[in-house]
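**Q** with the sequence up front, the predicted model follows.
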Amino acid sequence: MVTRQERAQSFGSVATSYDRLRPAPAPGALDWLVPSGCTVAVDLAAGTGLFTRPLAERVPRVIAVEPDPKMRSVLALRSPGVELVEGTGEAIPLPDAGADALFVSSAWHWLDPARALPEIARVLRDGGRLGVLWTSRDRDVEWVRDLDRLPGEPPWDGEAEGRHRRRRELDLTLGGASFFTAVEQMSFPDTRRMRKDDVVEMAGTYSAVITAPPDVRRTVLGNARAALDRRFPGVAEVEFPIRSWCFRADRLAR
């Protein structure tokens, strides 16, 4: 049985493919998340920099924090000018109250909120912005849902959809107390033109598939290829639906 920790640490093994194939956030998500006047922003659990790079186009100083050395290596190569440090959401190697905003992109579910929330609150200045988002294939689109379904996994239904949506819920309270106020949420659809080969390969960059036995992985990717060929016969490229699910909140005064 693969542990949650093993899945969380699996992405470095596909870091180059992850950076090439995973979608960047929808442009509208950045407009909504980044506060005006932001001059120092932290990208926590930055991965290979899919959120870091568009953030750096809007904010003068961006600090990327990432624990995985393989992911950091790709980020450093692809994101010149961005400050990069080793660290985790539970131990952020940055000073108190030094950031105008801190973002967690497609990684909140890997954090321990009981330890990460106080650390995030420590790093943010009073009134600073916390932004949490997930950018991924848009499972609200029916044909997208089953592209990376594991053998034996039940078909997508209301119960499965509920489990998936709960994975993107955000609770910023600890024992009834909170460091944050004005919590809002929004989602932003987008599309990305992709080769079918790349869509299939992208299915292999999700942790359940990365950590699956080789025969299961081959089956998942083969099924994804067959599903795409049935849906889009005779074409090499498709408009692939993605979505950014976003939350934002403001740091309460100390």
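**A** Thanks, I have the structure now.
**Q** pLDDT weak spots in this structure?
**A** Along the chain, segments meeting pLDDT under 70 span 152-168.
**Q** which of the three states applies to the residue lying closest to Pro113 once chain neighbours are set aside?
**A** Of all residues not flanking Pro113 in the chain, Asp171 sits nearest, at 6.9 Å (CB to CB, 6 or more residues apart in numbering). The C-beta positions use only the backbone N, C-alpha and C, and glycine is treated the same way. Of the three states, Asp171 takes coil according to DSSP: H, G, I helix; E, B strand; the rest coil.
**Q** relative to Asn223, how far out is Asp171?
**A** 34 Å (CB to CB, to the nearest Å).
**Q** settle it for me: which of these two has more neighbours?
**A** Taking other CB atoms under 10 Å, Asp171 and Asn223 do not tie; Asn223 has more neighbours (18 against 9).
**Q** got phi/psi on Pro67?
**A** In this entry, Pro67 is assigned phi and psi values of phi -80, psi -30 (degrees, to the nearest 10).
**Q** residue contacts, Ala56?
**A** Contact analysis of Ala56 by CB atoms under 8 Å, 6 or more residues apart in numbering lists 62, 79, 81-82.
**Q** among these, the buried ones, what's the PyMOL command?
**A** Here is the PyMOL command that picks out the buried ones among these, judged by 16 or more other CB atoms under 10 Å:
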select buried, resi 62+79+82
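**Q** closest to Thr211 out of the contacts of Ala56?
**A** Taking CB to CB as the measure, Thr211 lies nearest Ser79 of those, at 26.6 Å.
**Q** once you drop chain neighbours, what's closest to the closest one?
**A** Gly49 (4.3 Å).
**Q** quick one, phi psi at the one you found?
**A** Torsion angles, degrees, to the nearest 10, at Gly49: phi 100, psi 20.
**Q** wait, is Tyr18 part of a strand?
**A** No - using three-state DSSP, the assignment for Tyr18 is helix, not a strand.
**Q** what's the neighbour count on it?
**A** Neighbours of Tyr18 under the rule other CB under 10 Å: 22.
**Q** can you report how many residues neighbour the spatially closest residue to it that is not a sequence neighbour?
**A** Using CB to CB, 6+ apart and skipping residues adjacent in sequence, the residue nearest Tyr18 is Thr205, 4.9 Å away. Thr205: 20 surrounding residues under other CB under 10 Å.
**Q** for Gly222, same thing?
**A** Residues near Gly222, counting by other CB under 10 Å, number 11.
**Q** separation between it and Pro27?
**A** Distance from Gly222 to Pro27, counting by CB to CB: 34 Å.
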